[in-house]
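Student: Structure for the following, please:
(one chain, ligands or ions: 2)
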Amino acid sequence: MNAMETGPRVLLKRLREVMAESLGAQDKLDKIVDHIAANMVAEVCSVYVLRTDDILELYATKGLNPEAVHEVSLKVGQGLVGTIAASARPLNIQDAQSHPSFALLPETGEEPFNSFMGVPILRAGRSLGVLVVQNKKKRVYRDDEVEALETTAMVLAELLAAGELKGLGATAGEYVLNRPRTIIGAGFAQGIGLGNIVLHAPRIVVTNLFNEDFEEEIKRLGDALGKFRISIDDMLERSDVPQHEETREVLETYRMFAHDRGWVRRMEEAVRNGLTAEAAVEKVQSDHQARLQRVSDPYIRDRLSDFDDLAYRLLRQLGGDNAADVENNDHENAIVVARNMAAAELLDYPRGSLRGLILEDGGSSSHVVIVAKALGIPVVGNAAGIISNVENGDEVIVDGTQGVAHLRPGEDIRASYLDKFKFQAERQLQYKKLRKCDAVSVDGEKINLLMNAGLLVDLPQLSQSGAQGIGLFRTELQFMVSSTFPRPGQQEALYRQVLKEAKGKPVTFRTLDVGGDKVLPYLRSVHEENPALGWRAVRLALDRPGLLKAQMRALLKAAAGGELRVMLPLVTEVREIRRAKEIINHEMDVLTRFGHELPDSFKLGAMIEVPSILYQLDELMEEVDFASVGSNDLFQFMMASDRGNANIATRFDPVSRPFVRALKLIADSAVQHKTELTLCGEFAGRPLGAMVLIAIGYNSISMAAASIGPVKSMIRHLDIGKLRKILLPAIEETDGGQTLRELLEDFIDANGISY
Ligand code: PEP
Ligand code: MG
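Tutor: Ligands and ions are numbered 1, 2, ... in the order given. Got it, this is the predicted structure:
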């Protein structure tokens, strides 16, 4: 007999036959353990299945006391079986009873058996159970026997996951896969979302586990690996693949693995044992995941993602005879899960059905997060392990405020969130009722509430939120969600559309605020030690006037015959405004010369976000038609605290004397020079911040659309005169008594201000 016709290949064939029989799940499993024991010349073969309560229950055995089935159980981490489940690693022991982890289960009658080989039943790196063989004779099982048992365990895992063993006891495998889990990450965008998982990269599911002809299958694997290696080499050479250091590093790692003998050998071994090439890729991948998931080093965890991607690419190369993409086309209440994604990709999902985003990696200021915020959906980032722990359609609660994702939540968690949702929904209803009301205080002062925007998808919010106009249109978002430089015609079309949809409400466009952390992949950038203090915003515009010119031309054309308001970001010295004006005036001349109609009214403003400009306020207020405080940047530069750094996020309070005095200085200067003033940072969108601003003289503020309701509600309860009487002297106080925040909180309580 050919050696290949015995051993694991024959075993897998038997398993396939058992699966095809019309038997109940328990009978199938009983037969499976019989076959494994016979094939591996073992006196014992047992299957332990992990229950939802983290208990491993004996589900089937050949050789141990049959009475013990469903009666004997171990905790994860307890005994040899529990150790295998906990570590997701095999154990191969000559004398089991002398092993330090050994825990005798007398009901099983296992005393006579000395040698022990157990492997985890793994799926996507998760233990679903443990498969064990035992012999009386003391022996160490050979490596190929361990591999064969692992291959068999992989088949068992797939059968459990595919529901082929449904009806088995408490349908244990299914339960473990459906177990509730909380993944702690970081809150990237506030809010709560409830919905169903949509995996951004469709997972490939292996549909045929068993090969018919292993030589043919080895050849398929070899061919796919060859193509895979070529595709990586190509990517390393292609000019349209970003050649950043990090991208190259990842590709180089792929190349290293694509040529790694160990990786290839393990896959070939699995094929020799009877798996299809696709199933072999998945088996080796699952082993990798299991190993790496237990590592806490962030660098190594990153490599875990690389491996996932590697396997995904290789499965694609295999062409899919034995695998299928499981796309989830049901995007109703979608919570999108991705390792990371480009901002534009998020916009491909139907907006009305997006409920949240969970990223395995990503930075809080990454472009996709900026877009998610614009869409008003909660985001949890740094959610380690999310992708391997979910299936399409799983229920999930995304809590972007706490930075956690509750997968397949249990009744208790769901109930507590349903209360929060109800509360949120009731509030929204109240805000909706206020939509058409003015933001007028109790003592009759009217405040102009504007919204921030940056994409066309934001525009419907203008009427829905009741905002009076757009106080900040971040034009860089169009550039950030695009994979190539938006052509002048595309820029003009966007601005035209924005003005059209604004229906006469004022819109303030900010010129490109790129550079720093707002990187455009297609714009060559230089490496900077301190990008926030670097070559960005108006600095870049003045050094590369072509950018500013093209954008101004697009804006001027789009607003022909109407009103155009434009402001410059990150102005550090007034001469920058003067220089920009020259460029803009030149563009106006050119357009006029070529017979284009100009806007009827053009207003130029500057953003106050660098502390130096506080010492040039007089000149600034004279130079511009309006000014707008970018409190996010102004606060980070004044307090020397990075706006994206979670460690210092709560260290300094914007509602504190130094910052509020600076804001008041600006407001006083605007009044003195009769210059229009707004503030468009996050500060304006917090009811407490807005209270301060209104009291110190800001009668126009711009915020995220979702903040308009709460801020308006606050204003309609507020007696501004009364607040001024206590707040203005407190701002100037020098003995440090009560903090401004405490004073405001007391005021809110004493005056029944709600929002
Ligand atoms: C700011 O800095 O406050 C601001 C509004 O601009 P951005 O957040 O886009 O930097
Ligand atoms: Mg800014």
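Student: By proximity to ligand 1, which residue of the stretch 301-450 of the chain wins?
Tutor: Closest residue of the stretch 301-450 of the chain to ligand 1, C-beta to the nearest ligand atom: residue 370 (8.6 Å). C-beta here means a position set from N, CA and C on the backbone, and glycine is covered the same way.
Student: Report the contact partners of that residue.
Tutor: Contacts for residue 370 (C-beta atoms under 8 Å, 6 or more residues apart in numbering) come out as 343, 454, 477, 480.
Student: Relative to ligand 2, how far out is the last one?
Tutor: Using C-beta to the ion, to the nearest Å, one obtains 14 Å as the distance from residue 480 to ligand 2.
Student: is it true that that residue touches residue 343?
Tutor: Yes. Between residue 480 and residue 343 there is a contact under C-beta atoms under 8 Å: 5.7 Å.
Student: neighbour count winner among these two?
Tutor: Counted by other C-beta atoms under 10 Å, residue 480 and residue 343 do not tie: residue 480 has more neighbours, with 23 against 20.
Student: Output the set of residues of this structure in proximity to ligand 1.
Tutor: Taking C-beta under 6 Å from any ligand atom, the part of the chain that reaches ligand 1 is made up of 472, 474, 513, 609, 630-633, 680-681.
Student: Make CSV out of the residues you listed and add distance to ligand 2, pLDDT and neighbour count.
Tutor: Below are the residues of the chain next to ligand 1 laid out as CSV (distance: C-beta to the ion, whole Å; pLDDT from 0 to 100; neighbours: other C-beta atoms under 10 Å):
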residue, distance to ligand 2, pLDDT, neighbour count
472, 9, 97, 27
474, 9, 93, 23
513, 6, 92, 25
609, 5, 97, 25
630, 4, 97, 26
631, 9, 95, 24
632, 5, 91, 15
633, 4, 92, 22
680, 9, 96, 28
681, 7, 90, 25
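Student: where does the residue of the stretch 301-450 of the chain closest to ligand 1 land on pLDDT?
Tutor: Per-residue pLDDT puts residue 370 at 75.
Student: pretty sure it is in a strand, no?
Tutor: No. Looking at residue 370 with DSSP: H, G, I helix; E, B strand; the rest coil, it is helix, so not inside a strand.
Student: which ones are touching the residue most central in space within the chain?
Tutor: Against the mean C-alpha coordinate of the chain, by C-alpha atoms, centre = their mean, the closest residue is residue 359 at 2.0 Å. Neighbouring residues of residue 359 by C-beta under 8 Å, 6+ apart: 185, 188, 337-341, 368-369, 379-383.
Student: Try it again at 6 Å.
Tutor: Counting by C-beta atoms under 6 Å, 6 or more residues apart in numbering, residue 359 makes contact with 338, 340, 381.
Student: so how far is residue 144 from the last one?
Tutor: Here the distance between residue 381 and residue 144 works out to 43 Å (C-beta to C-beta, to the nearest Å).
Student: where along the stretch 151-300 of the chain do the helices fall?
Tutor: When assigned using DSSP state H, counting those that start in this stretch, the helices of the stretch 151-300 of the chain occupy the ranges 172-177, 214-237, 245-258, 261-272, 277-293, 298-317.
Student: just the ones you listed: most buried one?
Tutor: The highest average neighbour count among the helices of the stretch 151-300 of the chain, using mean count of other C-beta atoms under 10 Å, belongs to helix 277-293 at a mean of 24.
Student: quick one: that helix to helix 214-237, angle?
Tutor: Orientation check (axes from the mean of the first three to the mean of the last three C-alpha atoms, to 10 degrees): helix 277-293 against helix 214-237 gives 60 degrees.
Student: helices or strands next to helix 277-293 in the packing?
Tutor: Judged by 3 or more C-beta pairs under 6 Å, 6 or more residues apart in numbering; DSSP states H and E, helix 277-293 is in contact with strand 203-206, helix 214-237, helix 261-272, helix 298-317.
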